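Asker: Just need the structure, nothing else, for what follows:
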Amino acid sequence: MPLSIVILAAGKGSRMKSNKPKVIHQVASKAMLQHVVDTSRLLNPQQIIVVVGHESQQVVELMQGQALIFVEQAEQLGTGHAVLQCHDELTPGNDILVLYGDVPLIRQATLEQLIEAGKQDHAVCILSFISETPTGYGRIIRDLGDNVTAIIEEKDASDRIRRINECNSGILLIKGSEYKALLLQLDANNHQKEYYLTDVVKHAVAKNQTVVAVICTDESELLGVNNQQQLAQIEQLYRAKKAAELMTQGVKLVDPQRVDIRGNLTAGSDVIIDVNCIFIGDVELGNDVEIEANCILSNCKVGAGTIVHAMSLIENSVIGAQNDIGPFARIRPDTVTGSKAKIGNFVEVKKSVIGEGSKVNHLSYIGDCEMGANVNIGAGTITCNYDGAYKHKTIIEDDVFVGSDTQLVAPVKLAKGSTIGAGSTITKEAPAGQLSFSRAKQLSFSNWKRPKKN
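Answerer: Here you go, the predicted structure:
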């Protein structure tokens, strides 16, 4: 059956103490709502509808360009009311899966179990969980056949019902053919004067339709966020889950509690990651890669056998195999290094190609540069790529040797096999195979005296 997904994301989240809508607060460097949308896409739905409300413009701007349908809930009159706002957008006949924009850890596999149960001709399928501390949750009431007969909110529950530890997560699937009959019966005849989505259970049971509950075995998947403390808890759980996945795949984490994965990290065999490393976005580590302590890697690929020494930063770049990076190296976006390259301590590289076997060992800046193979860059070398208005390229061909404390004023070319003397400022092409240097004549003054304080 085709699937429509409705994500409820209209709440203000006043307990967050923030001017931002709750659902755009980030977990692992990604909005909570984005986590839910990304998981939803894995289910191949026909449509994803996001119900927005408080500061809806911020939500829409953040999530635009993702083929989402946005529906405004001007007044927050309950979860049922939120789903009812989608009536004109929902594709008739589609099953409807209701998710929450502030429940970011829900997994694809868990939702697939719920969808599979929906194929058994049940009117409503609820995702429930077993809790040792069920206080505050609605309780699932089952009959002798294990079907759900009611969801009782705690404030309406007797002492006997409060002892039940199967709880309602709020996530549910409504059969498409029953949508109108169940949703359009919702009313606000209750103490809160709100339209409760859970009332679809009551209406389905009244029509002798079956309602089932699928138990989620990991309660942490269903945790919602209402304040900064809970947001931090979710972040901690996300890190722990990612760390556990990596170790299951064979990655050695020196301390699993001190690695921070804020995106998708994939790793080959025999990878070692030391403490306090942060991985942001999509990061790929090849076989035998070692990341030393206190490194930050963002949206990058690191080739097999490479070692990234401590305190290094790599962002939006591709690092070749058997490289030696750092310590204290900064690799800025659009950098590509060949195999066996060396980027040493206190070196910054930006939007450059570093060829196979080339070395920039220390205290240098290489920007907008195309560097060939087996190049040696001496300490303190700078590519002067910016004239105040435009960026210019430096071309360094194979087998070039650049002495220390050299300025390469772009646009400029160092031809194959050329050598640049230390302390030079190079403003025009250095011929192939020749020594080039530019220095002012050294002068000494015998009658000069150093100034002294009175």
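Asker: Only C-alpha atoms from now on, for both contacts and neighbour counts.
Answerer: OK.
Asker: Tell me how far stretch 39-56 lies from the chain's centre.
Answerer: Stretch 39-56 has its C-alpha centroid displaced from the chain centroid by 18 Å (CA atoms, centre = their mean, to the nearest Å).
Asker: just stretch 339-347 next, same as before
Answerer: How far stretch 339-347 lies from its chain's middle: 27 Å, per CA atoms, centre = their mean.
Asker: what's the straight distance from one end of that stretch to the other?
Answerer: Length of stretch 339-347, first residue to last, CA to CA, to the nearest Å: 18 Å.
Asker: what's the answer for stretch 352-360, then?
Answerer: Using CA to CA, the distance between the terminal residues of stretch 352-360 is 12 Å.
Asker: Other residues contacting it?
Answerer: Among residues not part of stretch 352-360, those counted as contacts by CA atoms under 8 Å, 6 or more residues apart in numbering are 334-344, 347, 366-379.
Asker: Pull the distance from it to the chain's centre.
Answerer: 30 Å.
Asker: Restrict the worst-scoring helix or strand of the chain on mean pLDDT to CA atoms and write it as CSV.
Answerer: Counting by mean pLDDT, DSSP states H and E, the chain has its least confident helix or strand at helix 179-183, which shows a mean of 87. Below are the C-alpha coordinates for helix 179-183, written out as CSV (Å, rounded to 0.1, in the frame of the first residue of the first chain):
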residue,chain,number,x,y,z
TYR,A,179,-8.6,7.5,7.5
LYS,A,180,-11.7,9.6,7.0
ALA,A,181,-13.9,7.4,9.2
LEU,A,182,-11.5,7.6,12.1
LEU,A,183,-9.9,11.1,11.8
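Asker: packing partners for that helix?
Answerer: For helix 179-183, the elements it packs on are helix 199-206, judged by 3 or more CA pairs under 8 Å, 6 or more residues apart in numbering; DSSP states H and E.
Asker: So for the helix it packs on, mean pLDDT?
Answerer: The average pLDDT for helix 199-206 rounds to 92.
Asker: Over to stretch 422-434?
Answerer: 96.
Asker: For Leu68, give me its contacts.
Answerer: 47-50.
Asker: Phi first, then psi, for the nearest residue to Asn168 once chain neighbours are set aside.
Answerer: Taking CA to CA, 6 or more residues apart in numbering as the measure, Asn168 lies nearest to Ser128, with 4.8 Å between them; neighbours along the chain are not counted. Backbone torsions of Ser128, given as degrees, to the nearest 10, read phi -120, psi 180.
Asker: how close does the most centrally placed residue in the chain sit to Val212?
Answerer: Closest residue to the average C-alpha location of the chain: Gly263 at 3.3 Å, with CA atoms, centre = their mean. According to CA to CA, Gly263 stands 34 Å off from Val212.
Asker: swap in Ala440?
Answerer: Ala440 is 87 Å from Val212, by CA to CA.
Asker: Show me which of those two is the more surrounded one.
Answerer: Using other CA atoms under 10 Å, the more surrounded residue of Ala440 and Val212 is Val212, with 24 against 7.
Asker: Report the beta-bridge partners for the more buried one.
Answerer: On the basis of DSSP bridges, Val212 is bridged to Cys125.
Asker: How about the contacts made by it?
Answerer: 122, 124-126, 146-148.
Asker: rerun that using 6 Å as the cut-off
Answerer: Applying CA atoms under 6 Å, 6 or more residues apart in numbering to Val212 gives the contacts 125, 147-148.
Asker: How about Thr337?
Answerer: Applying CA under 6 Å, 6+ apart, the residues near Thr337 are 319-320, 353-355.
Asker: okay if I get the contacts of Val212 as TSV plus distance to His392, pLDDT and neighbour count?
Answerer: Output for these, formatted as TSV (distance: CA to CA, whole Å; pLDDT from 0 to 100; neighbours: other CA atoms under 10 Å):
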residue	distance to His392	pLDDT	neighbour count
Cys125	62	96	27
Asn147	71	90	17
Val148	69	95	21
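Asker: Turn these into JSON lines, columns for distance to Asp274.
Answerer: Formatted as JSON lines, the contacts of Val212 follow (distance: CA to CA, whole Å):
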{"residue": "Cys125", "distance to Asp274": "44"}
{"residue": "Asn147", "distance to Asp274": "50"}
{"residue": "Val148", "distance to Asp274": "49"}
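Asker: nearest to Leu43, of the residues you listed?
Answerer: For the contacts of Val212, the residue nearest Leu43 by CA to CA is Cys125; the value is 16.3 Å.
Asker: Let me know whether that closest one touches Ile171 as I believe.
Answerer: No. Counting by CA atoms under 6 Å, Ile171 is not a contact partner of Cys125; they are 8.8 Å apart.
Asker: On the pLDDT front, check the closest residue to Leu127 other than its chain neighbours for me.
Answerer: Spatial nearest neighbour of Leu127, excluding adjacent residues (CA to CA, 6+ apart): Val214 at 5.0 Å. Val214 carries a pLDDT score of 96 in this model.
Asker: and Val214, how many residues sit next to it?
Answerer: The burial count for Val214: 18, using other CA under 10 Å.
Asker: isn't there a strand covering it?
Answerer: Yes. Judged by DSSP: H, G, I helix; E, B strand; the rest coil, Val214 forms part of a strand.
Asker: for the stretch 101-250 of the chain, what spans make up the helices?
Answerer: Taking DSSP state H, counting those that start in this stretch, the helices of the stretch 101-250 of the chain run over residues 108-118, 159-162, 179-183, 199-206, 228-248.
Asker: Distance to Val412 added to those, as CSV?
Answerer: Output for those, formatted as CSV (distance: least, CA to CA, whole Å):
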stretch, distance to Val412
helix 108-118, 53
helix 159-162, 78
helix 179-183, 69
helix 199-206, 72
helix 228-248, 46
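Asker: between those, which one is nearest to Asn19?
Answerer: The nearest among the helices of the stretch 101-250 of the chain, by CA to CA, is helix 228-248 at 13.1 Å.
Asker: With only the CA atoms kept, save that closest one in CSV.
Answerer: Extracted in CSV, the C-alpha atoms of helix 228-248 (Å, rounded to 0.1, in the frame of the first residue of the first chain):
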residue,chain,number,x,y,z
GLN,A,228,18.1,21.5,26.7
GLN,A,229,18.8,18.7,29.2
GLN,A,230,16.9,16.2,27.1
LEU,A,231,18.6,17.5,23.9
ALA,A,232,22.0,16.8,25.5
GLN,A,233,20.8,13.3,26.5
ILE,A,234,19.7,12.6,22.9
GLU,A,235,23.1,13.8,21.7
GLN,A,236,24.8,11.5,24.1
LEU,A,237,22.7,8.5,23.1
TYR,A,238,23.4,9.3,19.4
ARG,A,239,27.2,9.3,20.0
ALA,A,240,27.0,6.0,22.0
LYS,A,241,25.0,4.3,19.2
LYS,A,242,27.4,5.4,16.5
ALA,A,243,30.4,4.4,18.6
ALA,A,244,28.9,0.9,19.2
GLU,A,245,28.2,0.5,15.5
LEU,A,246,31.8,1.4,14.6
MET,A,247,33.3,-1.0,17.1
THR,A,248,31.0,-3.8,15.8
